[in-house]
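Q: Compute the structure for the input listed below.
(4 chains)
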2 protein chains.
Amino acid sequence: MAGKRKPNELGQQETRERLIETAERLFAERGLDAVSMRLINREAGQLNTSSIHYYFGNRDAVIEAVVEHRMSRINESRLALLAEMRAAGGEITLHDIIAAYVRPLAAQNDGCDGGGGGNYVRFLAQAYASAEIDIAQLARGRWDQSLQQVAEMARARLPALPEPVFRERLGIMFRAVVYALADRERDRLTGRERSTRLPLAAFVEDLIHMQAAALAAAPAL
Amino acid sequence: MAGKRKPNELGQQETRERLIETAERLFAERGLDAVSMRLINREAGQLNTSSIHYYFGNRDAVIEAVVEHRMSRINESRLALLAEMRAAGGEITLHDIIAAYVRPLAAQNDGCDGGGGGNYVRFLAQAYASAEIDIAQLARGRWDQSLQQVAEMARARLPALPEPVFRERLGIMFRAVVYALADRERDRLTGRERSTRLPLAAFVEDLIHMQAAALAAAPAL
DNA sequence: GACTGATTAAAGCAAGTGATTTAAATATCA
DNA sequence: TGATATTTAAATCACTTGCTTTAATCAGTC
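A: Residues are numbered from 1 along each chain as shown, chains lettered A, B, ... in the order given. Predicted structure coming up:
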C-alpha cells in the first residue's frame, strides 16, 4: 500500500536545502523541542516523515545540518573582515574587532542573500539555551577559527585585564550579542515591535559600542 | 482498581511547595519542553500524574507557580536595596543601581535560603528563550515594580543617551545578566567547569562593572 | 462507628513522537 | 525497451505526552 509519487520537480540537492531552510525557520520560530520531523516535512512540502529521515538519518543530524549550513559562511565573513583590516594597515581598535564578530551575524538578518532572514540568529539563540544539544561542542572546528582570532586580538588590546576576568567577559559578550539580535528579530516578526525601536543598522552599531565598552570596563577588584 | 495510599506525611502546603521546587529544578536542568508532568510527579515522590493536576490544574499553571514562587522575594529584595541606598543619603551611582538589579538574582544562586541553589536563574533563562511562554507578559505586575525603579534611576544618570538607545540597551543588559548567571551555574552543575573560573562573588561584581560600562558607553551616532 | 470531604493511586484516552519497513514510482543507462 | 538504483509515499511500531476518570484511602466531625 504505497502512494503515487509526483514527478521529481526538485533535484536532490534542492530538496535537501529546502528541508534545511524549513527546519531552520521552524526551530527559530518555535524552539528546538517544539518542532517534529513530521512538521518539517509537512512545511517543506513533503507529505510524511520519510524524506527527512532519508536525507539526514535522524533528528540530531538535522540540527547539525542547520548549523553547518550557515556557520561556514559566517566564519568566512568574519575572517575576511579581520584580514581586510590588517591589510588596510591602520590601527585596529577593540571596537573594530567586535564589529568583525557582530556584523556578519547581523548581516544574516537582512536576508541579503535571498530569504532566510533572521532565522539563523534566532535558531542560534534557541540552541544556546537548549539543554538538548551542546552548540559550542557541535560547532567546534568550524567557526572556532574566527572566534579564536577575535579572542586573541581583543586580548592584545586589554593587557590590564586579568586572564580569568577576560575569559568570563568574552563569553558573556558573545552570548549577549546573539541574544540581543535574536530578541530584536523576534519582536520584529511577531509584530509586537515595541513602540519605536532603533533601525537595525543603528541597533547593530550601538550594540558594538556597548559590548566594546563592557569588555574594556575597569575590573572589579 | 485503585492503589493503596500511604499516610499523609506532608501537609497540602508542603506537597505543593515540593512540587514547585521539583519543577523548578527539572525545568532548569532540562528546559521547559523536556519536562513532563509525569516526571515532575515522579521526582517529587508522587507516583503518577494525578497530584500535580490536582494542585495546579494544568501545565501552564505549574510554570506560572514556579515564577510566582521566587519572583516576589527577588522583587522585594531589589526594592529593599534601592530604599536602603536612598536612606543612606550618599551619591547613588549607575553601578549601585545595576548592583540592585543583579545581586538579588545572584543571591538565589548560593542557596542562601535553604536548597534551591541556582535553579531559578537557569529556569528564568530557559523561560526567556522559550517560545512556549511569554515570561515578560507573565511577570507583569509582579517584578515590574523594581525593574521600573531601576530603569528610572538609571535613566536619570544617563541624560546624554537618546531615549530609544537607552531602552534598547536596558533590555539587552537585563537579559545578558540572566544568561550570564545561568550559564555559569550550568557549567558548575554539569561539572564541565572551564579550567579556572572566577569565584561566584567576583564573577557577580565584575558582571556589574561590565554592564554599567555597557550602559554608559558613548552612543554610536 | 459511620458519614463527609480532601487527597492519592491506577488505569485509560486521544493525540503526537522518532524511527522503520514495505512498496510504489521515477530517473538513468544499457 | 527493460533492468537497476534512487527517491517518495503509506502504513506501522513502540513509546510518551497532557489530561481525565474512577476508585481507593485518609483526616475530621458527629
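Q: other SSEs contacting the lowest-mean-pLDDT helix or strand in chain A?
A: When the helices and strands of chain A are scored by mean pLDDT, DSSP states H and E, helix A:135-139 comes last with a mean of 74. Contacts defined by 3 or more C-beta pairs under 8 Å, 6 or more residues apart in numbering or on different chains; DSSP states H and E place helix A:135-139 against helix A:59-88, helix A:119-129. Where you see a C-beta, it was placed from the backbone N, CA and C, and this is true even at glycine.
Q: what about chain A, any weak spots by pLDDT?
A: For chain A, the stretches with pLDDT under 70 are A:1-12, A:109-117, A:141-143, A:191-195, A:221.
Q: Need the residues that contact the least confident helix or strand of chain A.
A: Here helix A:135-139 makes contact (C-beta atoms under 8 Å, 6 or more residues apart in numbering or on different chains) with A:63-64, A:67, A:71, A:124, A:127-128.
Q: how about that helix: buried residues?
A: A:135, A:138-139 (16 or more other C-beta atoms under 10 Å in any protein chain shown).
Q: moving C-terminal of that helix, what's the next helix or strand?
A: Using DSSP states H and E, the helix or strand that follows helix A:135-139 in sequence is helix A:144-156.
Q: Which positions within that following helix qualify as buried?
A: The neighbour-count check on helix A:144-156 (16+ other C-beta under 10 Å) flags A:146-147, A:149-151, A:153-154 as buried.
Q: In terms of secondary structure, what does the helix or strand following it contact?
A: Of the helices and strands lying after helix A:144-156 in sequence (DSSP H and E), the nearest is helix A:163-189. When contacts are defined as 3+ C-beta pairs under 8 Å, 6+ apart, helix A:163-189 packs onto helix A:94-107, helix A:119-129, helix A:144-156, helix A:200-216, helix B:163-189, helix B:200-216.
Q: now for these, which one comes closest to DNA strand D?
A: Nearest of those to DNA strand D, taken as C-beta to the nearest atom of the strand: helix A:119-129 at 18.3 Å.
Q: For the closest one, give me every contacting residue.
A: Contacting residues not belonging to helix A:119-129 are listed as A:24-25, A:27-29, A:31-32, A:63, A:66-67, A:70, A:105-106, A:108-109, A:133, A:135, A:175, A:178-179, A:181-183, A:185-186, B:31, B:125-126, B:128-131 [C-beta under 8 Å, 6+ apart].
Q: That one: how far from the chain's middle?
A: 6 Å (C-alpha atoms, centre = their mean, to the nearest Å).
Q: repeat for stretch A:61-80
A: Relative to its parent chain, stretch A:61-80 has a centroid offset of 8 Å by C-alpha atoms, centre = their mean.
Q: Let me have the contacts of helix A:135-139 in a markdown table, extended by distance to DNA strand D.
A: Formatted as a markdown table, the contacts of helix A:135-139 follow (distance: C-beta to the nearest atom of the strand, whole Å):
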| residue | distance to DNA strand D |
| --- | --- |
| A:Ile63 | 19 |
| A:Glu64 | 19 |
| A:Val67 | 22 |
| A:Met71 | 25 |
| A:Leu124 | 26 |
| A:Ala127 | 21 |
| A:Tyr128 | 23 |
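Q: Among these, which one sits closest to DNA strand C?
A: In terms of C-beta to the nearest atom of the strand, no member of the contacts of helix A:135-139 lies closer to DNA strand C than A:Ile63, at 10.4 Å.
Q: That closest one and A:Glu24 touch, don't they?
A: No - A:Ile63 lies out of contact with A:Glu24 (C-beta atoms under 8 Å); the separation is 9.7 Å.
Q: about what we covered before: most widely separated two among the buried residues of helix A:144-156?
A: Greatest spatial distance in these: A:Ser146 and A:Ala154, 12.4 Å, computed using C-beta to C-beta.
Q: Show me the residue at the heart of chain A, geometrically.
A: A:Val121 (4.0 Å; C-alpha atoms, centre = their mean).
Q: gap between that one and B:Gln145?
A: Distance of A:Val121 to B:Gln145, given as C-beta to C-beta, to the nearest Å: 32 Å.
Q: can you check A:Ala80 too?
A: Distance from A:Ala80 to B:Gln145, counting by C-beta to C-beta: 48 Å.
Q: who touches A:Thr49 in this structure?
A: Taking C-beta under 8 Å, 6+ apart, we find A:Thr49 in contact with A:37-38, A:41.
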